[in-house]
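>>> Based on what follows, work out the 3D shape:
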Amino acid sequence: SVVLEGQAQGEIAKDPDADQIVDMMRVFLRGCIYEWVMGGCVFDLEARMTLYVSRLVGTFVLHP
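Coordinates of the predicted model:
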C-alpha cells in the first residue's frame, strides 16, 4: 500500500509496478538475511538492511 500510494502521488516510478517493487525488496532483504546467517551473524543486520533498503528504494523515487 505504501508503494501504491507513492505511485499515485507521483513520488515513485510506476514502472516496474508496485507488486514487482515489493517483490524486489523482499528478495533483496531475504538475501541480506542469508548473508548475515551464512557469515556468522557478524554484522549489524538492522543497520545493513536499513542502508540497503534506502538505496534500493532510492532507485524508484522520482526526483523533480
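
>>> number of nearby residues for Phe60?
Phe60: 19 surrounding residues under other Cβ atoms under 10 Å. C-betas here are computed from N, CA, C, even on glycine.

>>> What separation is there between it and Leu4?
Distance of Phe60 to Leu4, given as Cβ to Cβ, to the nearest Å: 12 Å.

>>> Tell me which stretches of the protein form helices.
Remark: helices assigned in the chain by DSSP state H are 2-8, 18-38, 45-58.

>>> Reformat those helices as a markdown table; add mean neighbour count.
Formatted as a markdown table, the helices of the chain follow (neighbours: other Cβ atoms under 10 Å):
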| stretch | mean neighbour count |
| --- | --- |
| helix 2-8 | 15 |
| helix 18-38 | 13 |
| helix 45-58 | 12 |
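
>>> export those to a markdown table and tack on mean pLDDT?
Formatted as a markdown table, those follow (pLDDT from 0 to 100):
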| stretch | mean pLDDT |
| --- | --- |
| helix 2-8 | 94 |
| helix 18-38 | 94 |
| helix 45-58 | 92 |
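
>>> if I pick Val61, what's in contact with it?
Counting by Cβ atoms under 8 Å, 6 or more residues apart in numbering, Val61 makes contact with 6, 11-13.

>>> Identify those among those residues that sit within strands.
Assigned to strands by DSSP state E, none of those qualify.

>>> Just put the residues you listed in CSV and tack on distance to Leu51.
Conversion of the contacts of Val61 to CSV gives the following (distance: Cβ to Cβ, whole Å):
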residue, distance to Leu51
Gly6, 20
Glu11, 21
Ile12, 19
Ala13, 21
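
>>> Generate a ChimeraX selection restricted to the buried entries among those residues.
The buried residues among the contacts of Val61 can be selected in ChimeraX (16 or more other Cβ atoms under 10 Å) with this line:
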select :6,12
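
>>> Enumerate every residue touching Trp36.
Shown in contact with Trp36 (Cβ under 8 Å, 6+ apart): 43, 45, 48.

>>> repeat that for 10 Å
Counting by Cβ atoms under 10 Å, 6 or more residues apart in numbering, Trp36 makes contact with 42-45, 48-49.
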